[in-house]
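In: 3D model of this:
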Amino acid sequence: MKGVLFDLDGVIADTSVYHFQAWRKLIKDHFNRDLPDELEKQTKGVSRKDSLTAILNYLDIKVSDADFQEMTDEKNKVFRELLASLTPQNILPGISDIISQFKQHDVKLSLASASLNGPYILEKLQLNSVFDAIADPSKVAAGKPAPDIFLAAASAINVDLKDCVGIEDSIAGIKAINKAGALSVGVGAKNELSEAKLLFPDTSALNYDQIESAWEEFKKLNRPFEIEKT
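Out: Below you'll find the model as predicted:
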C-alpha cells in the first residue's frame, strides 16, 4: 500500500451537516420550501451542482442556467460562513491517529473530495501540511460515483490505483473507488455501504494494520471484509 485517497466530508471532519444546513437555508430563502432529512443522503459525497440538481428534481422545480449558477454560488457562501468556526477539534475521532500511522509507513495521502472547499477546510483543520496532494474536483469530467476524482487523486501523488486504498462514507464514493480499481474502505453502516470491500463502523475504528492486511488480501482474492467494532 503506497497511497491513501481520502474523502473529506464525513471522513476527516463532519462538514456534511454544514452542507445540508446551507442547502436548507438556500431553498427556504428562494422557494419557502423545507427539505426532508432523507434528502441529505442524495447530496452526500457528490458535487455542488449534482446536489442542487437532486434537490430541484425532488422539489420538481426548474430554474434557468443563470439562476442555477447563482444558487450554487450563494450556497457556497453560506457554507463557508458556517465553516468559519471550524478548528482541529472538529477532526473526527481516530483520523489524526490513522494519518500518523500512514505517515509513519511512508504512505502518501491525497484528498479525493467533491468539495471545492477542500483546501480551505484542511487549512482550518490544520491538516493541509500532512497531505501530499489535493485533487481539484473542478478539473475532472464527472463527479462521484464516477471514478474521476480518485483517478486524479492517485495521479497527483504518482501512485498506481492498485497500490491505493480509498476511504469513504458515502455510497457514491464507494462506487467511485471500486470503479477506479483501488481498495474501497467504508466508514459507516453495513446496510448503506455494502459495496465497500473493507468496512469500519466509524472513524475511531480505523486501523493501519487491518487496512494493510485487507489491501494485501484484496490484491490476491478481491473479496470483501468487515471489521466489527469491539
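
In: so what does the longest helix seen in the chain touch, helix or strand wise?
Out: The residue-count maximum for a helix in the chain (DSSP state H) belongs to helix 65-83. If contacts are counted by 3 or more C-beta pairs under 8 Å, 6 or more residues apart in numbering; DSSP states H and E, helix 65-83 sits against helix 16-31, helix 48-59, helix 118-125. Every residue, glycine included, has its C-beta placed from N, CA and C.

In: Nearest residue to Ala142 in space, ignoring adjacent ones along the chain?
Out: Spatially, and ignoring its direct neighbours in sequence, Ala142 is nearest to Asp148 (5.2 Å; C-beta to C-beta, 6 or more residues apart in numbering).

In: now Asp163
Out: Nearest residue to Asp163 in three dimensions, chain neighbours excluded: Lys2, at 4.2 Å (C-beta to C-beta, 6+ apart).

In: For Ala154, see how far away that neighbour is.
Out: Taking C-beta to C-beta, to the nearest Å as the measure, Lys2 and Ala154 are separated by 10 Å.

In: before we move on, back to that, could you double-check that the residue nearest to Ala142 sits in contact with Asp136?
Out: No: look at Asp148 against Asp136 with C-beta atoms under 8 Å: they stay out of range, at 10.9 Å.

In: The two - which one has more neighbours?
Out: Asp148 (19 against 15; other C-beta atoms under 10 Å).

In: Thanks a lot, catch you later.
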